[in-house]
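Enquirer: attaching a predicted model along with its sequence, questions to come.
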Amino acid sequence: KAGVTQTPRYLIKTRGQQVTLSCSPISGHRSVSWYQQTPGQGLQFLFEYFSETQRNKGNFPGRFSGRQFSNSRSEMNVSTLELGDSALYLCASSFGLAGSNEQFFGPGTRLTVL
Amino acid sequence: SQQGEEDPQALSIQEGENATMNCSYKTSINNLQWYRQNSGRGLVHLILIRSNEREKHSGRLRVTLDTSKKSSSLLITASRAADTASYFCATDDWGGSTLGRLYFGRGTQLTVWP
């Protein structure tokens, strides 16, 4: 089975722009979770989607949004980028809910905001 | 919140020695997971231990869980330089309002010197 893929791998944007990141889960997996990782805050949960429904959301402003398509692929969008949004964005998929199942992580998208 | 805490934050040992990392959490869990992350990469799942289990082994890894103390430990025996990575524990929030979500700690940075 192919692993979790994330595109793009690296991204450089400027403040005020918006960005869309994509995640393709392992075939058959219905749950996709997104995390933001920074040296200062560690791994921060953004949201989890299961069968196209957002099940959980972390404490991030409304500039962070996401969605999941019928084929389980997921996208997250960050609007009006700020310098503090520079981070490694990780997505993870699992067959069932994230809390009860092994998570398979993608390699991440490294976002740099200038 | 449920977020776990790993201890120590950093651990430095010689090849061949054992490495022990601890994790504490706050609320009831259904299961606890350990993950490993090589620098700047995605996380890799190591072990999932359920709340009714006390110990689990996988190769050179041994995980224990003490639900009465709300703590877990990860032991890596006969460490190798290739074990150098960050190790994270993650828990669910059993019975809480965020069932299905996975909570990660801040990690233990393990360095194994050849």
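Expert: Perfect, thanks for sending it. Numbering: from 1, shown residues only, chains lettered A, B, ... in the order given.

Enquirer: what parts of chain B come near chain A?
Expert: Taking CB under 8 Å from any CB of the partner chain, the part of chain B that reaches chain A is made up of B:30-31, B:33, B:35, B:40-45, B:48, B:88, B:90-94, B:98-107. Where you see a C-beta, it was placed from the backbone N, CA and C, and this is true even at glycine.

Enquirer: so what's the residue in chain B positioned nearest to chain A closest to, chain neighbours aside?
Expert: Closest approach between chain B and chain A, counting by CB to the nearest CB: residue B:92, at 3.1 Å. Nearest residue to residue B:92, sequence neighbours excluded (CB to CB, 6 or more residues apart in numbering or on different chains): residue A:99, at 3.1 Å.

Enquirer: just say helix, strand or coil for the one you found.
Expert: With DSSP: H, G, I helix; E, B strand; the rest coil as the basis, residue A:99 sits in helix.

Enquirer: where do the strands of chain B begin and end?
Expert: For chain B, applying DSSP state E gives strands covering B:5-7, B:10-14, B:19-24, B:31-37, B:43-50, B:55-58, B:61-66, B:71-76, B:85-91, B:103-104, B:108-113.

Enquirer: just chain A next, same as before
Expert: Going by DSSP E, chain A shows strands at A:5-7, A:10-13, A:19-24, A:31-38, A:42-50, A:53-57, A:64-68, A:74-78, A:87-94, A:104-105, A:109-113.

Enquirer: turn those into CSV, including mean pLDDT.
Expert: Shown next, in CSV, are those (pLDDT from 0 to 100):
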stretch, mean pLDDT
strand A:5-7, 97
strand A:10-13, 97
strand A:19-24, 98
strand A:31-38, 94
strand A:42-50, 91
strand A:53-57, 89
strand A:64-68, 96
strand A:74-78, 98
strand A:87-94, 95
strand A:104-105, 94
strand A:109-113, 97
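
Enquirer: for residue B:78, find the nearest of the ones you listed.
Expert: strand A:104-105 (26.1 Å; CB to CB).

Enquirer: columns mean neighbour count on top of the strands of chain A, output as JSON lines?
Expert: Formatted as JSON lines, these follow (neighbours: other CB atoms under 10 Å in any protein chain shown):
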{"stretch": "strand A:5-7", "mean neighbour count": "16"}
{"stretch": "strand A:10-13", "mean neighbour count": "13"}
{"stretch": "strand A:19-24", "mean neighbour count": "19"}
{"stretch": "strand A:31-38", "mean neighbour count": "24"}
{"stretch": "strand A:42-50", "mean neighbour count": "22"}
{"stretch": "strand A:53-57", "mean neighbour count": "15"}
{"stretch": "strand A:64-68", "mean neighbour count": "19"}
{"stretch": "strand A:74-78", "mean neighbour count": "21"}
{"stretch": "strand A:87-94", "mean neighbour count": "24"}
{"stretch": "strand A:104-105", "mean neighbour count": "20"}
{"stretch": "strand A:109-113", "mean neighbour count": "18"}
